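**Student:** here you go, sequence then predicted model.
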Amino acid sequence: MDGNGRVALADATSETLGILQNAPDALGEEAEVGMIGVSIGVASGVIDVFAKVAPEAAGKLAATTTDLDDYVGVALTAAAADGDEIDVFLVPFGNLSVS
């Protein structure tokens, strides 16, 4: 969400609440955000099954192993390339601790 309480496209520095389920094309249109369950996400590159995924540029997902990184879910299917769709088990407010 942005500073005005509106849904905003996530990037690598965003704390992510979920995955957008629709495609609003104007300010003020309703956005549906999946926060619990399984959702479809778009990969920014290779992602293995069971990898924790976090937003990258343009709202796409990437595998993360970075300590204290916020992640949105766990990949249930693999991605082989940028643009592949994957199933993601959503984990609201996920925070990775590898130490």
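**Tutor:** Cool, the structure landed. Numbers count the residues shown, from 1 in each chain.

**Student:** elements contacting the longest strand seen in the chain?
**Tutor:** Ranked by residue count, the top strand of the chain under DSSP state E comes out as strand 85-95. Packing partners of strand 85-95 (3 or more CB pairs under 8 Å, 6 or more residues apart in numbering; DSSP states H and E): strand 38-42, strand 52-55, strand 70-75. The C-beta positions use only the backbone N, C-alpha and C, and glycine is treated the same way.

**Student:** so which of those is the most surrounded?
**Tutor:** strand 52-55 (a mean of 24; mean count of other CB atoms under 10 Å).

**Student:** what comes into contact with the helix or strand just after that one?
**Tutor:** Following strand 52-55 in sequence order, the next helix or strand is strand 61-63 (DSSP states H and E). Contacts of strand 61-63 with the rest of the structure, by CB atoms under 8 Å, 6 or more residues apart in numbering, involve 41-48, 51-56, 72, 75, 86, 88.

**Student:** ditto for stretch 65-76
**Tutor:** Residues outside stretch 65-76 that contact it (CB under 8 Å, 6+ apart): 10, 14-16, 18-19, 38-39, 41, 47-55, 61, 63-64, 86-91, 93-99.

**Student:** switch to 6 Å and redo it
**Tutor:** 15-16, 47, 49-54, 64, 86-91, 94-96, 98-99 (CB atoms under 6 Å, 6 or more residues apart in numbering).

**Student:** likewise stretch 12-25?
**Tutor:** Contacts for stretch 12-25 (CB under 6 Å, 6+ apart): 10, 31-35, 39, 41, 55-56, 70, 72, 90.
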